[in-house]
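Undergrad: Provided below are the primary sequence and the corresponding predicted coordinates.
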Amino acid sequence: MGIYDEFLRRIDKILEVEEEKIEKVLDLWINLKEFLLIIRSSCSEPKLKKVIEEVFTSGSRFEISAAACSEPLKDEWQSIAKIDLRRLRENLLALRKIFEKKREKLEEVLLEAFAKAKLGISPTVVIDDLIESGLLSKSTASYLRLESREIEKWKNPDEIRRIAGLLFQIRRLRDAEERNS
Amino acid sequence: MLSVFNPLLLKKSPMLVPILVALAAVWYLMIWILIKKLIPKIDRPNLKQVVKMVERDLLREIERRTRRKKKYTKEWAEAKRRLEEIGDL
């Protein structure tokens, strides 16, 4: 599972979880927000920007109502939170559909963020991208696959960040070559 | 000739079968440790070496893509420098 799949997986989790589990959805939303903030800051397309803003608006409404669920009037807040969650899900679904067609671009943005330590994800996610990229020799790819469990235990993935930076650089070069040809 | 499967022998020393089974189990375990644990460790590079190998492959790709391109002179020089640092060239 690469960095792009990890992003879609986080959206899917919110779409799939039961709406009664407000606290769980709140955690999932906060996990997803990390990705969305990065995508928003690098996004230049007006249409996409609008959808992302809608996701953020519905997301912050849901955050407020979900946080209020532990206070008095719990039942009322819970029903409001459920309504907000439905709106958030609708917007996330729209966003997911757009991103299904933008895999390459999104991968680049997320890789760059990971390389610059702006994205806190497991290094194994990037390892999968590396193996699937076809840029490694067969022996390197197989050794990397064997070591992926060890890489998961790394607390300071600086070396993986450096590699992600190189992968990002190659993607940029490839894009430039495609544009020129 | 007395074989281990001879009932007479088994009667004389009833511990023979468990001892043989235990010996076979120890033998099997030693072979298993050798194949699964020791041999892969001898042959396989460690994690740091694997990361270096990955870095080398990626840098080679960058060097190849930027070679003889005026626009990417800096990138090419940097990739070459790092490859030399790793000990590739």
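TA: All right, it came through fine.

Undergrad: what is the biggest helix by length in chain A packed up against?
TA: In chain A, ranked by residue count with DSSP state H as the criterion, the top helix is helix A:74-100. For helix A:74-100, the packing partners by 3 or more C-beta pairs under 8 Å, 6 or more residues apart in numbering or on different chains; DSSP states H and E come out as helix A:3-16, helix A:22-42, helix A:46-67. C-beta here means a position set from N, CA and C on the backbone, and glycine is covered the same way.

Undergrad: what mean pLDDT does the longest one get?
TA: What helix A:46-67 shows for mean pLDDT is 90.

Undergrad: ok, and for stretch A:6-21, which residues are buried?
TA: The neighbour-count check on stretch A:6-21 (16 or more other C-beta atoms under 10 Å in any protein chain shown) flags A:6, A:7, A:8, A:10, A:11, A:13, A:14, A:17 as buried.

Undergrad: what's the neighbour count on the residue lying closest to the third one once chain neighbours are set aside?
TA: For residue A:8, the nearest residue in space outside its immediate sequence neighbours is residue A:96; the separation is 6.7 Å by C-beta to C-beta, 6 or more residues apart in numbering or on different chains. Here the neighbour count serves as a burial measure; for residue A:96 (other C-beta atoms under 10 Å in any protein chain shown) it reads 14.

Undergrad: also the one 10 residues further on?
TA: Here the number of neighbours of residue A:106 (other C-beta under 10 Å) works out to 21.

Undergrad: my guess is it contacts residue A:4. True?
TA: Yes - judged on C-beta atoms under 8 Å, residue A:106 makes contact with residue A:4 at a distance of 5.6 Å.

Undergrad: what's the weakest-modelled helix or strand in chain B?
TA: Between all helices and strands in chain B, the lowest mean by mean pLDDT, DSSP states H and E belongs to helix B:39-43, at a mean of 66.

Undergrad: right, and the helix or strand after the longest helix of chain A?
TA: Of the helices and strands lying after helix A:74-100 in sequence (DSSP states H and E), the nearest is helix A:103-115.

Undergrad: what angle sits between that next one and helix A:74-100?
TA: 110 degrees (axes from the mean of the first three to the mean of the last three C-alpha atoms, to 10 degrees).
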